[in-house]
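In: Predicted model and sequence below, questions to follow.
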Amino acid sequence: MKKALIIGGIFIGLLILTGLVFGGIFIGHRNTMVQQKEAITSAWAQVDTVIQRRADLVPNLVSTVKGIAAQEREVFSNIANARASMAGARSPAERINADSQLGGALSRLLVVMERYPDLRSSQNFLRLQDELAGTENRISVERRKYNQTVQQYNTYIQLFPNSIVASLSGFEREDAYFQTSEEARQAPPEVNFTQE
C-alpha cells in the first residue's frame, strides 16, 4: 500500500511537472506571437504615417499644377477620388488599395507635368516635387519593413508547435501585404519631353 502511494505520488508529480513545462512553452510561444502581432501594428502605423504625409502633400502639388495645366481635369478628378478613398479607408487592406489608387493617379500627374515647361521651372513646384520624391522613398522603406514584419509573423505562427498555440489562442494569418497593383504592372506611363 505504501509502495502504491509512493508510485502514485511520483506519477502525479511527473504529471504536474509535465503540465508546468508544456504550460511554460505554450505561454512563451503565445507571448512571442503577441509581440509579433504588435510589431505588425507598429509597422503599419509607420506606413500609414508616411502615406498620410503624401496625401497631405498632394493638394499643394495639384494646386500648383492646376494654375498652369487647367485643361487636365480628368487627372485632377482621379487624384481627388483617390484621396477620398484614402480618407474613407478603415482597414489596412482598404488603405493599401487606396494608396495604390493614389500612386497611380500621381504617376499620371507626373506625366502631365512633363508637358508644361513653365511648371517644371517653378520653384514651388520643384520644392513640392522634391518633398514628394522624399516621401515616396520613405513609403517604400516603410512598406518593405511592414511586409517583412507580416512575413515573419505569418511564418512563425505556421511553424510546429507554434501552429498549435496559434490555433488555440486565436492567432490568424495576416494577408494585408503591400503588392504592386495591376495598374502599375501595365506599361509605364509615357513621358514626352518635347514641347507641343
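Out: Received the coordinates, thanks. Numbers count the residues shown, from 1 in each chain.
In: Toward the C-terminus, what is the element adjacent to the helix or strand containing residue 19?
Out: For residue 19, the host element (DSSP states H and E) is helix 2-68. Sequence-wise, the next helix or strand downstream of helix 2-68 (DSSP H and E) is helix 73-88.
In: Next SSE downstream of that following helix?
Out: Helix 73-88 is succeeded, C-terminally, by helix 92-113 (DSSP H and E).
In: Send me that following helix as CSV with only the CA atoms.
Out: Extracted in CSV, the C-alpha atoms of helix 92-113 (Å, rounded to 0.1, in the frame of the first residue of the first chain):
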residue,chain,number,x,y,z
PRO,A,92,-5.1,48.1,-43.7
ALA,A,93,-6.3,46.3,-46.8
GLU,A,94,-8.6,49.2,-47.8
ARG,A,95,-5.8,51.7,-47.1
ILE,A,96,-3.4,49.6,-49.2
ASN,A,97,-5.9,49.7,-52.1
ALA,A,98,-6.5,53.4,-51.7
ASP,A,99,-2.7,54.0,-51.6
SER,A,100,-2.4,52.1,-54.9
GLN,A,101,-5.1,54.3,-56.5
LEU,A,102,-3.3,57.4,-55.3
GLY,A,103,0.0,56.2,-56.5
GLY,A,104,-1.4,55.6,-60.0
ALA,A,105,-3.1,59.0,-60.1
LEU,A,106,0.2,60.7,-59.0
SER,A,107,2.1,58.9,-61.8
ARG,A,108,-0.4,60.2,-64.3
LEU,A,109,0.0,63.7,-62.8
LEU,A,110,3.8,63.5,-63.2
VAL,A,111,3.3,62.6,-66.9
VAL,A,112,1.0,65.7,-67.3
MET,A,113,3.6,67.9,-65.6
